[in-house]
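Novice: Take this sequence and fold it.
(chains A and B)
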There are 2 protein chains.
Amino acid sequence: MPLYGAIEAGGTKFVCAIGSNPEDLELYEFPTTAPQQTIDRAAAFFRGRPLAAIGIGSFGPIDPDPRSPTFGYITSTPKTAWRQFDFAGAIRKALNVNVAFETDVNAAAFGEYRWGAARGLHTFLYLTVGTGIGGGGMANGNLLHGKMHPEMGHIRVPIDASVDRFPGCCPYHGDCLEGLASGPAITGRWGAQGRDLPSDHPAWNLEAQYLALGLVNWICTLSPQRIVLGGGVMRRQELFPLIRSKVSTLLGGYLDPPEIVPPELGSRAGVLGAIALAEKVAV
Amino acid sequence: MPLYGAIEAGGTKFVCAIGSNPEDLELYEFPTTAPQQTIDRAAAFFRGRPLAAIGIGSFGPIDPDPRSPTFGYITSTPKTAWRQFDFAGAIRKALNVNVAFETDVNAAAFGEYRWGAARGLHTFLYLTVGTGIGGGGMANGNLLHGKMHPEMGHIRVPIDASVDRFPGCCPYHGDCLEGLASGPAITGRWGAQGRDLPSDHPAWNLEAQYLALGLVNWICTLSPQRIVLGGGVMRRQELFPLIRSKVSTLLGGYLDPPEIVPPELGSRAGVLGAIALAEKVAV
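Specialist: You can find the predicted model right below:
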């Protein structure tokens, strides 16, 4: 069985992996530092291993369009040292292998498609709710791309000012969905981290309402066959029935809601997705 | 040059066409009545002509999935006589030709892709703002489909109750985007039809705000290369600069807005799109 390399590149840590499937995975994790130093460290882990290709799921914004001259670059990230950095090119040069390059969220979505909760689907949404809110997935069997890639966390949803006066915490938009419903938004609104709030705290009803409003917008836009909800905030399993009920109410009988399920690959979705992306570009 | 048939099937009228491109189009229009009577009338127009295929852009909801046993059906429409009607099958049987079947909005989107404002793109949004609000378009070169098809008009957007107390006019959701910004919403809110309101009426600023909020949500979700805005309400050209400006403000520098342009095919986008769909299924 061919071996593949995988990089889940986050703003604070890199997770590298060598393997071919969820049951056969060697992992190496280290903090994200300056670009060349970080690439060197990843390359040292991969060097000398017979890899058929390497898949990368990267923090962004990135350029994931193979037709573009800046394919494989991290583009306008707030992490200035990484801005306009040719990430895919640096890995390709260091290791002389084919490289697949995706957003971190689309890579995780692709992992769930290959081995998890989105197997066999052609159109689905994968949403991660944690430090930020990120969305990816597929339409008609293709990962979601366009001019660039989705930035789903930044959609706007209705706010009932009689219930919620929190102004939102997104540095760009204030009260976009990420500003209202990410982990930091929960902490900012209630003065305590979500993990410290009891199940009957009003935080969860409000959280479910905002996420349901976002899901309804994506249901009306993409018509997903299934929605996979992951990330730290979604570890609160009690959110799932609340969200399902609110999505049904909001759709008002006009559309049948799709299934709304947790991920099956947990925190390994990103590297596994990168392995699956590498499979596709292996020669 | 091969000839194709086209049907733009609306709830109140059918527009049928025979031709091969925008410069060569024979049109026949009549009111929508009972299903079999309406099909017979369309078939009589097409019969005896050497058509390579027929494309249909239909009111809905419909089943546009060729893998489905009810492909080609109108499904749960409020027009009860048409519910569960095998539209594509009836045309296929009457005329013994290959039939392509799409939503009316995706057909118009495909027309703009083939001959109009979306030529050469792989990911774009086509929105029509009129009696209702409908959206279609492409992601990665495929028309938007999923579990079923987009119902973009029914997304929720923020409402500033200090500016707008109109409760919305969507029979299913009240204040979804269609309920707030369709032609009937303008009439319901201001007590006059949009066409009778002057350019400096506050209706247009509010209309642009709601549409901009919708566009921002679709930009964050689909990352379209371009957005085409058509339909009766968008004939007010002064809306375009207002919408472009509000989209930029709402994106807050986080993403570059795509071009936002009028359609090039006008009211012929639907039948031309159906001709282009027929091209694809011709044998």
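Novice: give me every residue that touches A:Gly48.
Specialist: Applying C-beta atoms under 8 Å, 6 or more residues apart in numbering or on different chains, one finds that A:Gly48 lies in contact with no residue. All C-beta spots, glycine's among them, are computed from the backbone N, C-alpha and C.
Novice: I'd guess it is in a helix, am I close?
Specialist: No - the assignment for A:Gly48 is coil, going by DSSP: H, G, I helix; E, B strand; the rest coil, so no helix is present there.
Novice: In the stretch 51-200 of chain A, what residue spans correspond to helices?
Specialist: Assigned by DSSP state H, counting those that start in this stretch, the helices in the stretch 51-200 of chain A fall at A:87-95, A:104-115, A:177-181, A:183-190.
Novice: now for the ones you listed, which one comes closest to chain B?
Specialist: Comparison of the helices of the stretch 51-200 of chain A against chain B by C-beta to the nearest C-beta identifies helix A:177-181 as nearest, at 8.9 Å.
Novice: helices or strands up against the closest one?
Specialist: strand A:133-139, helix A:202-222 (3 or more C-beta pairs under 8 Å, 6 or more residues apart in numbering or on different chains; DSSP states H and E).
Novice: And the first one, how far out from the chain middle?
Specialist: Distance, stretch centre to chain centre, for strand A:133-139: 7 Å (C-alpha atoms, centre = their mean, to the nearest Å).
Novice: Show me what that strand is in contact with.
Specialist: When contacts are defined by C-beta under 8 Å, 6+ apart, strand A:133-139 is touched by residues A:103-109, A:113, A:118, A:121-128, A:143-144, A:149-153, A:177-178, A:181-182, A:214, A:218, A:222, A:224, A:231, B:139-140, B:142, B:144-146, B:221.
Novice: SS state for A:Gln237?
Specialist: With three-state DSSP as the criterion, A:Gln237 reads coil.
Novice: measure the nearest residue to it once chain neighbours are set aside to chain B for me?
Specialist: Counting by C-beta to C-beta, 6 or more residues apart in numbering or on different chains, A:Gln237 lies nearest to A:Pro262, which is 7.5 Å off, once chain neighbours are set aside. Separation of A:Pro262 from chain B (C-beta to the nearest C-beta, to the nearest Å) stands at 19 Å.
Novice: A:Leu229 is in contact with A:Pro262, correct?
Specialist: Yes - look at A:Pro262 against A:Leu229 with C-beta atoms under 8 Å: they come within range, at 6.4 Å.
Novice: What parts of the stretch 151-283 of chain A come near chain B?
Specialist: A:151-159, A:161, A:172-173, A:175, A:213, A:216-218, A:220-225, A:250, A:252-256, A:258 (C-beta under 8 Å from any C-beta of the partner chain).
Novice: quick revisit: got JSON lines for the helices of the stretch 51-200 of chain A, with mean pLDDT too?
Specialist: Below are the helices of the stretch 51-200 of chain A laid out as JSON lines (pLDDT from 0 to 100):
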{"stretch": "helix A:87-95", "mean pLDDT": "98"}
{"stretch": "helix A:104-115", "mean pLDDT": "98"}
{"stretch": "helix A:177-181", "mean pLDDT": "98"}
{"stretch": "helix A:183-190", "mean pLDDT": "98"}
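Novice: tally of neighbours for the residue in the stretch 151-283 of chain A positioned nearest to chain B?
Specialist: The nearest approach of the stretch 151-283 of chain A to chain B comes at A:Ser223, 3.2 Å away (C-beta to the nearest C-beta). The local packing of A:Ser223 (other C-beta atoms under 10 Å in any protein chain shown) involves 21 other residues.
Novice: What's the per-residue pLDDT of the closest residue to it other than its chain neighbours here?
Specialist: Nearest-residue entry for A:Ser223: B:Gly146, 3.2 Å, with adjacent residues in sequence omitted and distances by C-beta to C-beta, 6+ apart. pLDDT, B:Gly146: 93.
Novice: What are the neighbouring residues in contact with B:Gly146?
Specialist: Going by C-beta under 8 Å, 6+ apart, B:Gly146 touches A:122-123, A:139-140, A:222-225.
Novice: From the residues you listed, list the buried ones, please.
Specialist: By neighbour count, with 16 or more other C-beta atoms under 10 Å in any protein chain shown, the contacts of B:Gly146 hold A:122-123, A:139, A:222-225 as buried.
Novice: Tell me the one of these nearest A:Gly266?
Specialist: A:Pro224 (20.7 Å; C-beta to C-beta).
Novice: Give me the distance between the closest residue to that closest one other than its chain neighbours and A:Ala276.
Specialist: Spatial nearest neighbour of A:Pro224, chain neighbours left out: A:Leu125 (4.4 Å); criterion: C-beta to C-beta, 6+ apart. Separation of A:Leu125 from A:Ala276 (C-beta to C-beta, to the nearest Å): 18 Å.
Novice: More neighbours: these two, which one.
Specialist: Between A:Leu125 and A:Ala276, counting by other C-beta under 10 Å, A:Leu125 is the more crowded of the two (32 against 22).
Novice: Quick one: residues contacting the residue positioned nearest the centre of chain A.
Specialist: For chain A, the residue sitting closest to the mean C-alpha position, by C-alpha atoms, centre = their mean, is A:Val105 at 2.2 Å. Applying C-beta under 8 Å, 6+ apart to A:Val105 gives the contacts A:57, A:126, A:128, A:134-136, A:150.
Novice: from those, which is closest to B:Ala203?
Specialist: Using C-beta to C-beta, the contacts of A:Val105 come closest to B:Ala203 at A:Pro150, 32.2 Å.
Novice: roughly how far apart are that closest one and A:Glu102?
Specialist: Taken as C-beta to C-beta, the span from A:Pro150 to A:Glu102 is 12 Å.
Novice: Domain map for chain A?
Specialist: A:3-104+A:267-281, A:117-263 (automatic domain parsing).
Novice: Can you get me the start-to-end distance on the last one?
Specialist: The reference is to domain A:117-263. With C-alpha to C-alpha, to the nearest Å as the measure, domain A:117-263 spans 6 Å from end to end.
Novice: Do a quick rundown of the strands in chain A.
Specialist: Counting by DSSP state E, residue ranges of the strands within chain A are A:3-9, A:13-21, A:24-31, A:51-58, A:73-74, A:85-86, A:99-103, A:124-129, A:133-139, A:142-143, A:226-230, A:259-261.
Novice: so which of the ones you listed gets nearest A:Ile186?
Specialist: Closest approach to A:Ile186 among those (C-beta to C-beta): strand A:124-129, 9.7 Å.
Novice: Restrict that closest one to CA atoms and write it as CSV.
Specialist: C-alpha atoms of strand A:124-129 as CSV (Å, rounded to 0.1, in the frame of the first residue of the first chain):
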residue,chain,number,x,y,z
PHE,A,124,-22.5,18.3,1.9
LEU,A,125,-21.4,20.9,4.3
TYR,A,126,-18.7,20.5,7.0
LEU,A,127,-18.7,23.2,9.6
THR,A,128,-16.2,23.6,12.5
VAL,A,129,-17.2,25.8,15.4
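Novice: what packs against it?
Specialist: Counting contacts by 3+ C-beta pairs under 8 Å, 6+ apart, strand A:124-129 packs against helix A:104-115, strand A:133-139, helix A:202-222, strand A:226-230.
Novice: and the angle for the longest one with strand A:133-139?
Specialist: Angle of helix A:202-222 versus strand A:133-139, following axes from the mean of the first three to the mean of the last three C-alpha atoms, to 10 degrees, is 30 degrees.
Novice: Give the buried residues for helix A:202-222.
Specialist: Residues of helix A:202-222 classed as buried: A:203-204, A:206-222 (neighbour count, 16+ other C-beta under 10 Å).
Novice: So what's the gap between it and the chain middle?
Specialist: That offset, for helix A:202-222, works out to 17 Å (C-alpha atoms, centre = their mean).
Novice: re the thing from before, can you give me the distance of the residue nearest to A:Pro224 to A:Glu259?
Specialist: To A:Glu259, A:Leu125 is 11 Å away according to C-beta to C-beta.
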